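Q: the following block contains a protein sequence and its predicted model.
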Amino acid sequence: MIMGYLPNFIFLALLILGGGIFTRNILRLRRNIFLGKEAHRNDRKQQRWKHMIRIAFGQSKMGVKPLAGFLHLVVYIGFVLINIELLEIVFDGLFGTHRIFATVLGPFYNFLIGSFEILALLVLVAVILFWFRRNVVKIKRFWKAEMKGWPKFDADLILYFEVVLMLLFLSMNATDVLLQQKGVEAYVKAGSFPISQFLAPLFEGFEVGTLILLERSFWWAHIIGILIFLNYLYYSKHLHILLAFPNTFYANLEPEGKFEVDAHIKNEVLLMLNPDQASTTAQADPPEKFGSSDVFDLKWTQLMNAYSCTECGRCTEVCPANLTGKKLSPRKIMMDTRDRLEEVGKNINANGGTFNDDEKQLLNNYISPEELWACTSCNACVDACPIAIDPLSIIMDMRQYLVMEQSAAPQELNAMMGNIENNGAPWPFSNQDRLQWSNE
Amino acid sequence: MKLEVPTLASLQAEGKKASVVFWVGCAGSFDDRAKKITKAFVKILNHTQTSFAVLGTEEACTGDPAKRAGNEFLFQMQALQNISTLDQYGVTKIVTTCPHCFNTLKNEYPELGGHYTVMHHTQFLKSLIKEGSLKVEGGMYKGKRITFHDPCYLGRANKIFEAPRTLIEKLDAELVEMKSCKTKGLCCGAGGAQMFKDAEQGDKEINIERTEQALETQPEIIAAACPFCNTMMTDGIKNKKQEDTVKIMDVAELIANAKNL
């Protein structure tokens, strides 16, 4: 209390600043996602909860790659549990206390801190192995064309962040242990330090004053680091740690083979097949646009998919088109959708809440028809995604725009569709010959 | 043996009904290779004295390739016409040898008012065995190495993995799995209307990649359950100049052959 309440106020200010920027970004994220169209995914709540608990919370799809799945689980559990410690740091920061939970929790506190330290070490090891897989083993899916530049740097940066945060947490404890041993006032004898005790010798030579300065520096750097990391999320692929949950909740629960049937068109088709009904059938309002050429035409769930993608590349790795050297990469479809949506969001920010036409769109400026036409609609990408992202639906919506708004299908497909229209089969055979096989 | 292939129209004229409609599909009707699958399946239906009928000239493309190519309008035109035909005959149950027709009829027609029980022929054959009207024993396929290629629209899209495998096992054959199978099955390259166009620029054709995966299992037969996969894999095997040693067969053909039908 010697310095009065200044540190408390600085802490509060940092917390408000960090929390405030984070909240602003989350609100922008929400606004951008809801630029998309209605998705009708509020049904079957119970099934949706189960889906989310199994796939996001239970990480059921991560085990497909056992090593990566295990390492990810370690980081995930570490991340969730160590954040309990964050609660204590916030209380201590606000009230000027030190290890406030120690008195409340008694011996359990020792167990808690001990567990956090072990988790921190495991996270550290897992993160280093992740870095190794990316940069030394050079696993192929991390080195595809769309991963050049920022996506690559972003991925490494997240790992560096996590290493630094874990090291700060352990160093903070290591110096704390020494201060506790020296019986320095305010450093209550509490906690067990199975890992940081091995770091403590590094700081043994310092005097009490220096040690206090170090301990405080680590403590502040740790919490400031967390606030920075929290705000980094929005600018990074790392948003999946939050969005995996709503993303799996609002996922498509239908069989993968069932593609959405556009009910708007049905009325028009009926009118065309039965012109006599034209007068009796209520006039259906035809959609202003068929398919999607920009983020505004996609559904909000598809836009949330784009923000949720953590660029792991499991989709691209199993895509038959990508495997055989075609330009299509389902991961790039998601990254392009997100980048375009971010561009639109920045445009809206800069123009006081309204979008000023920038004469760009997702189609052509980001995703080329060549990529879209390479898809076999095999659903391997959808099945591979650990958090139920659906790149295929975006590809199909964009194909629909190309065909129905621009008549821009490849020539052979136009011929195929012409055949279906004229003789009910994709090949130029007469429908009258449909039963000929039975006589051959 | 003369095939008995009643049409719904002919049955109706006689005041009869069929318990299941066999949806032949465009490939099954017009493609020379696929026609053999159609006939093999009909032979089994005749052999088991299954009450069935086809639509014949009243059948039209389900609209699957149009929808996957992006033409929702044409898809719905096809679907609504087919639904009107099927409903006119009061059809309730459909079996088809094409996973694409199967998927579209089963999953996408209900949205447009067409509600039917739809089965893939591998499921149907399995049910015939279960109810006892079809008995399958090894015969000529006993001990043969057979690998099964999962059609995307049967396997991943509709989670039907066991029916075709059960049938192969009934043949006392040695079922060997490729490294990518079931949910991880690699596409043959024909889906999403790719059958009807050239592939985009790349360094390999998808069917070659899949054929190589199949050949790694050193099979005597690559079993398929989709006319399009069959075409793609047959082309792949020809490309690898293995057509004399490795055969591409539909599961229905395997059963019809095993029974000397």
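A: All right, it came through fine.

Q: what packs against the helix or strand of chain A with the lowest mean pLDDT?
A: In chain A, the helix or strand scored least confidently by mean pLDDT, DSSP states H and E is helix A:263-273, which has a mean of 84. Packing partners of helix A:263-273 (3 or more C-beta pairs under 8 Å, 6 or more residues apart in numbering or on different chains; DSSP states H and E): helix B:72-88. Placement of C-beta: from N, CA and C, glycine included.

Q: relative to A:F57, how far out is the residue lying closest to A:D294 once chain neighbours are set aside?
A: Leaving out its chain neighbours, the residue that sits closest to A:D294 by C-beta to C-beta, 6 or more residues apart in numbering or on different chains is A:Q361, at 4.0 Å. Computed as C-beta to C-beta, to the nearest Å, the A:Q361 to A:F57 distance reads 36 Å.

Q: more crowded one of these two?
A: Legend: neighbour count by other C-beta atoms under 10 Å in any protein chain shown for A:Q361 and A:F57, higher for A:Q361 (19 against 14).

Q: and stretch A:164-181, how far out from the chain's middle?
A: Centroid displacement of stretch A:164-181 relative to its chain, using C-alpha atoms, centre = their mean, to the nearest Å, is 32 Å.

Q: list of residues touching it?
A: With contacts defined as C-beta atoms under 8 Å, 6 or more residues apart in numbering or on different chains, stretch A:164-181 is touched by A:82, A:85, A:113, A:116-117, A:120-121, A:123-124, A:127, A:187-191, A:193, A:195-197, A:199-200, A:202-204, A:208, A:211-212, A:214-215, A:218-219, A:221-222, A:225-226, A:229.

Q: still on that earlier bit, and the angle from the least confident helix or strand of chain A to helix B:72-88?
A: 70 degrees (axes from the mean of the first three to the mean of the last three C-alpha atoms, to 10 degrees).

Q: care to break chain B down by domain?
A: For chain B, the structural domains run B:8-128, B:135-258, going by automatic domain parsing.

Q: same thing with chain A?
A: According to automatic domain parsing, the ranges for chain A are A:6-33+A:65-249, A:263-427.

Q: B:G113: which of those is closest?
A: Nearest to B:G113, of all the domains of chain A, is domain A:263-427, at 8.7 Å by C-beta to C-beta.

Q: what distance separates that closest one from the centre of its chain?
A: 21 Å.

Q: straight-line length of that domain, end to end?
A: One end of domain A:263-427 to the other measures 28 Å (C-alpha to C-alpha, to the nearest Å).

Q: any idea of the pLDDT on residue 171?
A: Looking at chain A here, since you left the chain open. With respect to pLDDT, A:S171 scores 97.

Q: um, chain B though
A: According to the prediction, B:L171 has pLDDT 95.

Q: that one and chain A, how far apart?
A: Applying C-beta to the nearest C-beta, to the nearest Å, the value for B:L171 to chain A is 25 Å.

Q: in the stretch 151-261 of chain B, what residue spans correspond to strands?
A: B:174-176, B:221-224, B:247-250 (DSSP state E, counting those that start in this stretch).

Q: so which of those strands is the most surrounded?
A: Counting by mean count of other C-beta atoms under 10 Å in any protein chain shown, strand B:221-224 has the highest mean neighbour count of those, with a mean of 26.
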